[in-house]
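Student: Sequence first, then the predicted structure:
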Amino acid sequence: MSLRLSYSKKRRIPPRILVAKLGLDGHDRGIKIIAHALRDAGYEVIYTGLFQTPEVVAQAAVEEDVRIVAVSILSGAHKVLLPKVVKLLKKKGARDVQVIGGGIISAKDAERLKKQGIARVFGPGTPVQEIISFLDRELERS
Amino acid sequence: MSLALPLTHLKAGKRNLARLITYLENGQAPRTILSALDAARKKSLLIGITGAAGAGKSTLSAHLIQHLRRPRQKIAFIGCDPSSPYSGGAFLGDRVRLGALRDENLFVRSMATRGAPGGIARATPAACGALALAGYNPIIIESVGAGQLDVAIKRWVDLAVVVLAPDHADSIQLAKAGLLEIADLFVLNKMDHPHSRRAEQNLKSHLSLNRNTIEIPVFRTVATRGSGVRELARWIQDRFDSQ
């Protein structure tokens, strides 16, 4: 790894991303691994902390002006909570913000969530690089 | 990309304000706007919270926000965290301590330093101007976990609060120049810590050496429980409401 001491000379703009834990779910190992990997991939990662509501997450996404919100849910409440975030973002005029999910989510649920506006769902065992590549591609497009 | 946003729209909603701060962070705002924001900054009371990593700055700020605000008053918080010198990325964790604080009248923004020295981001002062223009007052700015040289915040704020934890307050460390000199007031946090009494004595004896005639107040808090923060908020209100 090389030390990039001259930020000002080569001003690449770091992408910003919000990573969130929703609902009654204290399992944050996964999201910390993702956050760390994204940090090392050059992302500015804003972490909400545990036990957040869809309202808090949607408001944070607006204030932080992120393009992508990555939500981790391992409690089984994804069918309720993830669509709520999408809905609230729309209500706040932030249609351009993409919501992606990660956690123990069945293929059937993932399909349904896709129809409800969740851009992508990543399951257990997904290589971190696959997530980073997906995000890089999405951000390039937007 | 450049700025296509009249400053008059800032009050219309958080989206515009948030987008403007992004432009400021990315260095995409034109000079005319920067000078307007520079002037606007004086509209609001700027409170700087600084101190070492883990001293309790964010936890303290969360309670301070609740105690400082009055009904319908718009209040803002900018939390700075360091950018990686390797990847350019950052982990911005100040929201974690703010927990479920959320309402229309609170605006929270996380900022990475992106290589700026001194403890705050290059765009932080301009972002304060944008927030002030949108009617947020006061604005709380939290520096990165500060080292002895991270004094940049002093130049921009009306009140510089230095947060100390008991383990950082031995008599030799307190004698050192830099960060500890910029305090308008000290918060000695973690007063439930076994070393807290001695730390307080050290700090007071150090402050008694000041040739400056202005007395620097010391507040004692346990930020995780919120104790002592009410007194701090009241002191700030008393001092700045009269002006």
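Tutor: Good, I have the coordinates. Quick caveat, the model's predicted, so the values are computed rather than measured.
Student: so where do the helices sit in chain A?
Tutor: Applying DSSP state H to chain A gives helices spanning A:29-40, A:54-64, A:78-91, A:107-115, A:128-141.
Student: Please identify the deepest-packed of these.
Tutor: Mean neighbour count (mean count of other Cβ atoms under 10 Å in any protein chain shown) peaks for helix A:54-64 among the helices of chain A, with a mean of 23. Every C-beta, even on glycine, is put in place using the N, C-alpha and C of the backbone.
Student: Dump the helices of chain A to a markdown table, plus mean pLDDT and distance to chain B.
Tutor: Converted to a markdown table, the helices of chain A look like this (pLDDT from 0 to 100; distance: least, Cβ to the nearest Cβ, whole Å):
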| stretch | mean pLDDT | distance to chain B |
| --- | --- | --- |
| helix A:29-40 | 95 | 4 |
| helix A:54-64 | 96 | 5 |
| helix A:78-91 | 96 | 11 |
| helix A:107-115 | 96 | 24 |
| helix A:128-141 | 93 | 11 |
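Student: Distance to B:Arg97 for the ones you listed - can I get that in CSV?
Tutor: CSV is the format used below for these (distance: least, Cβ to Cβ, whole Å):
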stretch, distance to B:Arg97
helix A:29-40, 16
helix A:54-64, 13
helix A:78-91, 22
helix A:107-115, 30
helix A:128-141, 26
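Student: Of all those helices, which one is nearest B:Leu34?
Tutor: Smallest distance to B:Leu34 across these (Cβ to Cβ): 21.3 Å, for helix A:54-64.
Student: Compute the inter-axis angle for that closest one and helix A:78-91.
Tutor: Here helix A:54-64 runs at an angle of 40 degrees relative to helix A:78-91 (axes from the mean of the first three to the mean of the last three Cα atoms, to 10 degrees).
Student: which secondary structure elements does helix A:54-64 contact?
Tutor: Judged by 3 or more Cβ pairs under 8 Å, 6 or more residues apart in numbering or on different chains; DSSP states H and E, helix A:54-64 is in contact with strand A:16-21, strand A:68-73, helix A:78-91, helix B:14-25, strand B:106-112.
Student: one step back: with respect to B:Pro194, which of the helices of chain A lies nearest?
Tutor: helix A:29-40 (30.4 Å).
Student: what sits up against the closest one?
Tutor: Helix A:29-40 is contacted from outside by A:17, A:19-21, A:45, A:47, A:70, A:72, A:74, A:102-103, A:128, A:131-132, A:135, B:84, B:86-87, B:89-91, using Cβ atoms under 8 Å, 6 or more residues apart in numbering or on different chains.
Student: buried subset of those residues?
Tutor: Buried residues within the contacts of helix A:29-40, counting neighbours by 16 or more other Cβ atoms under 10 Å in any protein chain shown: A:17, A:19-21, A:45, A:47, A:70, A:72, A:74, A:102-103, A:131-132, A:135, B:84, B:87, B:89-91.
Student: Now do A:Val45 against B:Ala62, distance only.
Tutor: To B:Ala62, A:Val45 is 20 Å away according to Cβ to Cβ, to the nearest Å.
Student: Kindly apply the preceding question to B:Thr32 instead.
Tutor: With distances taken as Cβ to Cβ, B:Thr32 is found 36 Å from B:Ala62.
Student: How about the contacts made by B:Ser227?
Tutor: B:191, B:221.
Student: if we go to 10 Å?
Tutor: By Cβ atoms under 10 Å, 6 or more residues apart in numbering or on different chains, B:Ser227 lies in contact with B:63, B:191-192, B:220-221.
Student: Same question for B:Ala134.
Tutor: B:7, B:9-14, B:16-17, B:20, B:40, B:44, B:74, B:76, B:107.
Student: Likewise for B:Leu164?
Tutor: When contacts are counted by Cβ under 10 Å, 6+ apart, B:Leu164 touches B:51-52, B:55-56, B:173-174, B:179-180, B:183, B:186-190, B:199-200, B:202-203, B:218.
Student: Just the buried ones among those, please.
Tutor: B:51-52, B:55-56, B:174, B:179-180, B:183, B:186-190, B:199-200, B:202-203.
Student: From those, which land in strands?
Tutor: Among those, the members found in strands (DSSP state E) are B:51, B:186-188.
Student: check those residues against chain A, which are close?
Tutor: For chain A, no contacts are drawn from those by Cβ under 10 Å from any Cβ of the partner chain.
Student: May I see these arranged in JSON lines, with pLDDT as well?
Tutor: Listed next are those as JSON lines, based on pLDDT from 0 to 100:
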{"residue": "B:Gly51", "pLDDT": "96"}
{"residue": "B:Phe186", "pLDDT": "97"}
{"residue": "B:Val187", "pLDDT": "97"}
{"residue": "B:Leu188", "pLDDT": "97"}
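Student: Just give me the closest of these to chain A.
Tutor: B:Gly51 (20.5 Å; Cβ to the nearest Cβ).
Student: what is the nearest residue to the closest one once chain neighbours are set aside paired to in the beta sheet?
Tutor: Counting by Cβ to Cβ, 6 or more residues apart in numbering or on different chains, B:Gly51 lies nearest to B:Val163, which is 3.4 Å off, once chain neighbours are set aside. With DSSP bridges applied, B:Val163 shows beta-bridge pairing to B:Gly51, B:Val187.
Student: Burial check on B:Val163, number of neighbours?
Tutor: For B:Val163, the neighbour count with other Cβ atoms under 10 Å in any protein chain shown is 29.
Student: Check B:Phe219 too.
Tutor: A count of nearby residues for B:Phe219, using other Cβ under 10 Å, gives 20.
Student: Touching the helix or strand containing it from outside, list them.
Tutor: Using DSSP states H and E, B:Phe219 falls within strand B:218-220. The contact list for strand B:218-220, computed with Cβ under 10 Å, 6+ apart, reads B:60, B:161, B:163-164, B:183, B:185-191, B:196, B:199-200, B:203-204, B:207, B:227-229, B:231-233, B:235-236.
Student: how distant is that strand from the center of its chain?
Tutor: Computed by Cα atoms, centre = their mean, to the nearest Å, the separation of strand B:218-220 from the middle of its chain amounts to 17 Å.
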